[in-house]
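[1] this one's structure only:
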């Protein structure tokens, strides 16, 4: 089928013609309106009664459910909450990346270098303090020291 043939078909169909008697239509409308009024009068009290019953049942349901909701709240606060919190803490510990190994290596290397520098400094200090002691026991130093001590005594006597 082509588009042209479809449009011809739609145009060739005739719309049904309905002849409506306005007096008859008005009569039917009045009957329907009267039936609706009668139904409203019959159903009205029943509707009000159903509304009152529903309100009473809602109040009963609220009285029944309030303690159970409160009990559930306490259970969640005291039992579930701490468990969930602990679970989250354990998960965070697992997720957190560890410290990089390079930092540990750098820290260890700095400690070793610092220790080596400290040891070298201590050795140098010992050597520096031990040399004057060796010079102090040399024969030239002893003779100069004895000359100095004689002059010190002479100065203290006068």
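    Sure, I can see it. From a predicted model like this one, the values you see are computed outputs, not experimental measurements.
[2] can you name the next helix or strand after the longest helix anywhere in the chain?
    Counting by DSSP state H, the longest helix found in the chain is helix 22-75. Of the helices and strands lying after helix 22-75 in sequence (DSSP states H and E), the nearest is helix 81-95.
[3] what average pLDDT does that next one get?
    The pLDDT scores in helix 81-95 average 88.
[4] against which helices or strands is the helix or strand just after that helix packed?
    Using DSSP H and E, the helix or strand that follows helix 81-95 in sequence is helix 101-136. The contact analysis (3 or more C-beta pairs under 8 Å, 6 or more residues apart in numbering; DSSP states H and E) places helix 101-136 against helix 139-157. All C-beta atoms are positioned from the backbone trio N, CA, C, and that covers glycine.
[5] try 7 Å this time
    Contact here means 3 or more C-beta pairs under 7 Å, 6 or more residues apart in numbering; DSSP states H and E; on that basis helix 101-136 packs against no helix or strand.
[6] could you chop the chain up by domain?
    32-84, 110-139 (automatic domain parsing).
[7] just send those back as TSV, with distance to residue 94 and mean neighbour count too.
    What follows is the domains of the chain, written out as TSV (distance: least, C-beta to C-beta, whole Å; neighbours: other C-beta atoms under 10 Å):
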stretch	distance to residue 94	mean neighbour count
domain 32-84	16	10
domain 110-139	30	10
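[8] right, I'll call it a day here.
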